[in-house]
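Trainee: My questions concern the predicted model and sequence given below.
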Amino acid sequence: MRQTDYVILGLLAECPLSGYQIKKIVDIRFKFFWSESFGQIFPALKSLAIAGLVEECAGAGEGGHAARTYQITQSGKDALVAWLGQPVEKESLRLEILLKTYFSGYAAPDAMLSHLTAFEESHAKQLHILNLFQAELERIPDEDENHRDILRVIDFGQKVNRAYLDWCRETQDYFEHKRNAPKGKIELDH
């Protein structure tokens, strides 16, 4: 099975959802560390249903493919639990900003400063959203006892985004010095 399947199983373990609801949750809750497209979600729902890991809810499905609501089956729960026990696959990280920084010797410092400003704004916004999620979650009673687990994920996102912002400020200083330094000479305090 693919990781998309496990994302779907995990969300359906919380409550029945449609494909559109799954996409919305992924885009809101998992934005800073995971993404899924409709082109991944709908085929995965179909294959999970064929495999007996999810099923359409009774009365759902009127109004076409998009309106179908699915729920996890016991086999789906078993598959989710089995996956949770497996070792984590190698993480992959692709940050275009780092590629551009690596090759920045071929560009004007102003181009990199522009990229860094956009990077900083994006991660400041993500950090703000995570802070809002944390505050909201801490106000809600933890009836399912999963808030602490979710807060650990939010904490990771907050720390990563703070690290990105720290790196961004230091790298902006570097490119400011590079822009203002005589050709070939960059002296920094770092």
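Mentor: Looks like it arrived, so ask away. Numbering: from 1, shown residues only.
Trainee: do you know how far the nearest residue to residue 44 once chain neighbours are set aside is from residue 13?
Mentor: Of all residues not flanking residue 44 in the chain, residue 4 sits nearest, at 4.8 Å (C-beta to C-beta, 6 or more residues apart in numbering). The C-beta positions use only the backbone N, C-alpha and C, and glycine is treated the same way. Computed with C-beta to C-beta, to the nearest Å, the distance linking residue 4 and residue 13 is 15 Å.
Trainee: Looking at the two, which is more packed in?
Mentor: With neighbours defined as other C-beta atoms under 10 Å, residue 4 and residue 13 compare such that residue 4 has more, 20 against 13.
Trainee: tell me what the strand or helix carrying residue 81 is packed against?
Mentor: Here residue 81, judged by DSSP states H and E, is contained in helix 74-84. Judged by 3 or more C-beta pairs under 8 Å, 6 or more residues apart in numbering; DSSP states H and E, helix 74-84 is in contact with helix 3-14.
Trainee: Now the lengthiest helix in the chain: buried residues?
Mentor: As assigned by DSSP state H, the longest helix anywhere in the chain is helix 147-180. Neighbour counts using 16 or more other C-beta atoms under 10 Å place 151, 154, 157-158, 160-161, 164-165, 167-168, 171-172, 174-175, 177-178 of helix 147-180 among the buried residues.
Trainee: And for stretch 32-39?
Mentor: 32, 36.
Trainee: With stretch 6-17 instead?
Mentor: Counting neighbours by 16+ other C-beta under 10 Å, one finds that the buried residues in stretch 6-17 are 6-9, 11-12, 16-17.
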